[in-house]
Structures are given as C-alpha cells and as structure tokens.
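Enquirer: Prediction below, plus the sequence it came from.
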Amino acid sequence: VLLVESGGGLVQPGGSLRLSCAASGFTFSSYWMYWVRQAPGKGLEWVSNINFGGNTIYTTDSVKGRFTISRDNAKNTLYLQMNSLKPEDTALYYCARDPTTTGDYGPGDWGQGTQVTVSS
C-alpha cells in the first residue's frame, strides 16, 4: 500500500487549494478513504471520508461547506478541494485508507502527509 499526498503549500486566508493522494499497491475502488489532519501541537483530526463509489461522504462540521472530498477510481486518486481557507486550517494533511473492505475500521494505512499553511 502506497499513498502519496501532494498539493499542499502556503495560501492566504480565503484562498483555495486542492490536495491529491495517489494510491497504489491495492485495488483503490474497493476501499473507503479518509483525509485526516494534524495542526501544530495538536492531535489527529478526522476531516472527511468517502466510500468506494464516492456516493457516501462524511465531513467534520468545522470544514463543511468549505472542503469537498472526492475520488477518481479510474486514476486511483483521492482529492480534497479546500476553499475559503482559514488560519485554523493550517495542518499536516494525511490521506489514509481503511484497511478493511467493509469500511468498519477507520483510517489504518497512511501517507506521509502534505503541509497546508494558511497565513497572510
């Protein structure tokens, strides 16, 4: 299992970024996928997750209406579109996979993360 995030960077408040997660080593379309973040000095925070086909999505309230998770199973890629970014969105963003095909476990396989910094 290999998950490689990209697309992070420095952005001004109110700006947008799109994160990508390239997946390999497994049948991407068979697994739930997650975005999880960790702000400086804080614990892991679940952001959003998406089911196999992309038609079931859950998103934490603090980013609802601003962040959108999606996936392209033909490209084995997970996305997180982030709009109206706030300084409190500054964090290391991880892509993760539920290692079970039932989707009952939660994030278990992780990428290395991509840094998002929101600052003027």
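Expert: On my side now, so go ahead. Numbers count the residues shown, from 1 in each chain.
Enquirer: from here on, contacts and neighbour counts on C-alpha atoms
Expert: Fine.
Enquirer: hey, where'd the strands end up in this protein?
Expert: 2-6, 9-11, 17-24, 33-38, 44-50, 57-59, 67-72, 77-82, 91-97, 109-110, 114-118 (DSSP state E).
Enquirer: So for this protein, the centremost residue is which one?
Expert: Nearest to the mean C-alpha position of the chain, by CA atoms, centre = their mean, lies Trp35 at 2.6 Å.
Enquirer: shouldn't that one be in contact with Ile50?
Expert: No: counting by CA atoms under 8 Å, Trp35 stays clear of Ile50, with 9.1 Å between them.
Enquirer: Skipping adjacent residues, who's closest to the residue nearest to the centre of the chain in space?
Expert: Leaving out its chain neighbours, the residue that sits closest to Trp35 by CA to CA, 6 or more residues apart in numbering is Cys95, at 4.8 Å.
Enquirer: For the closest residue to Ala22 other than its chain neighbours, give the beta-bridge partners.
Expert: Spatial nearest neighbour of Ala22, chain neighbours left out: Thr77 (4.7 Å); criterion: CA to CA, 6+ apart. For Thr77, the beta-bridge partners under DSSP bridges are Ala22, Asp72.
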